[in-house]
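Asker: Sequence first, then the predicted structure, then my questions.
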Amino acid sequence: MILFDDIGSYPLPKDLKKEWVPEAIKRKDPKFLDIIKDAMRQKIGAGVDVPTYPQYQDMNQQFLGIINDESMTEEPLLVRKDRARIIELEAIEDVGTEYYKKTGKKLNIRVCVTGPVELYLKQFGGTAYTDVLNNFASSIDRFISNSIDNAKNFRISTISIDEPSIGINPQIMFNDSDLAGALEKAAATAASHKIDTEIHLHSPLHYKLVCNVPSISVIGVESAASPSYLDLIDKKDLFEYDKFLRIGVTRTDIFNMSSVLNEKYGINVWKEPKKLEDIVSVMETPEMVEKRLEKAYAIFGDRIKYAGPDCGLGSWPTQEMAFRLLNNTGIGIKEFLKKQKRVTV
């Protein structure tokens, strides 16, 4: 069974800018929590099986702002568990209650946390202090642990550790053993609860590093925009190390896609939003999703566990377009699964 998930970020309502978010959090504006709830409802409405809590904060500052606050740590860069809060999860408790009343089932959600390597690079750059990296890893594990312990009206069924720099950023000076150790530490609690734990990589170049991290069971690949990424992964490794894939089946690189439309129409499509909507009506259609999934399944079969958009949708111009992309993704995945079921019966 392939589950439809999303990566997390989502456009703000039309009247708001990203700069509003940190100020709203600082003054505890209830409007911010309402926006989170509404975005989560949209994801559920689009058919996402395992929606990620809507991410509007900066992926690094959301965690570094707490980890660097001495009043919230027990030692430098090691957050106290009781202060390791993801406020977005508290906001969607109400949505979980609504979902249960409507369906009689608990809502399954995906929690995305920024990985220790990414946080380290943001704060320290290319120097290599293994003890500091491990403190970041332990802090992330505490965010995960606190989230699991306090989830009441939904079920955390997937944890994703976001590590976009692994395989891309030449500043990483740690050896593979140190990197694997930090990732193992960050995912330890999730694995102990038998929760699917994924690493979200922007390039799978070093996926074999993750094969040596027992607590991570799913490797994410942005394969819609870059189909050749799938060529880098050997199915034999997935079986040998008992790993699964989360593959991208819809593109999210909207600036690259809009450049194609600019060339096609000879205009700036950002100034003519109706043309920009070709992305969800012509380019990223359910049929395209189905074709991509068929191709990937022909290679990896049941080692594919999750499918969805390549990355987050925070840079998309409107919530309406983001919703349509999610909806198209869900339709394409369901059509593939229907055909697959008929083939296997």
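Answerer: Perfect, thanks for sending it.
Asker: so how far is Tyr53 from Phe63?
Answerer: Separation of Phe63 from Tyr53 (CB to CB, to the nearest Å): 14 Å. C-beta: built from backbone N, CA, C; applies to glycine.
Asker: Quick check: phi and psi at the residue nearest to Asn146 when sequence neighbours are not counted.
Answerer: With sequence-adjacent residues excluded and distances taken as CB to CB, 6 or more residues apart in numbering, Asn146 is closest to Ala84, at 4.5 Å. Dihedral angles of Ala84 (phi, psi; degrees, to the nearest 10) stand at phi -80, psi 70.
Asker: residues near Ala84, how many?
Answerer: Look at Ala84: counted by other CB atoms under 10 Å, it has 22 neighbours.
Asker: can you list the residues that contact the helix or strand where Ser138 lies?
Answerer: Here Ser138, judged by DSSP states H and E, is contained in helix 130-150. The contact list for helix 130-150, computed with CB atoms under 8 Å, 6 or more residues apart in numbering, reads 63, 67, 75-82, 84-86, 89-90, 111, 113-117, 119-120, 124, 156, 159, 161, 174, 178, 181-183, 185-190, 193, 195.
Asker: My read is that the residue nearest to Asn146 contacts Ile66, right?
Answerer: Yes: using CB atoms under 8 Å, Ala84 is in contact with Ile66, at 7.0 Å.
Asker: Make sure Phe239 is indeed in a helix.
Answerer: Yes: Phe239: assigned to a helix according to DSSP: H, G, I helix; E, B strand; the rest coil.
Asker: Which residue is the nearest non-sequential neighbour of it?
Answerer: Nearest residue to Phe239 in three dimensions, chain neighbours excluded: Arg303, at 7.3 Å (CB to CB, 6+ apart).
Asker: Count residues in the vicinity of the one you found, would you?
Answerer: Using other CB under 10 Å: Arg303 sits among 20 other residues.
Asker: State the distance from it to Ser177.
Answerer: In terms of CB to CB, Arg303 sits 26 Å off from Ser177.
Asker: returning to that earlier point: please list all residues in contact with the residue nearest to Asn146.
Answerer: The contact partners of Ala84, taken as CB under 8 Å, 6+ apart, are 66, 139, 142-143, 145-146.
Asker: closest to Tyr100 among the residues you listed?
Answerer: Of all the contacts of Ala84, Asn146 has the smallest distance to Tyr100: 22.0 Å, by CB to CB.
Asker: For that closest one, the count of nearby residues, please.
Answerer: 20.
Asker: So that it lines up with my notes, have the first residue be 10 from now on.
Answerer: Okay, residue one is now 10; in that scheme the one you just asked about reads as Asn155.
Asker: Can you check the pLDDT for it?
Answerer: Per-residue confidence at Asn155 stands at 97 (pLDDT).
Asker: Which strands and helices lie in contact with the top helix by length along the chain?
Answerer: Ordering each helix of the chain by length in residues (DSSP state H) puts helix 328-353 first. Secondary-structure packing of helix 328-353 (3 or more CB pairs under 8 Å, 6 or more residues apart in numbering; DSSP states H and E): strand 12-13, helix 39-54, strand 253-259, helix 295-309, strand 313-318.
Asker: between these, which gets nearest to Ile340?
Answerer: helix 295-309 (3.9 Å).
Asker: mind listing the strands for the stretch 60-209 of the chain?
Answerer: 82-84, 87-88, 116-123, 163-171, 205-209 (DSSP state E, counting those that start in this stretch).
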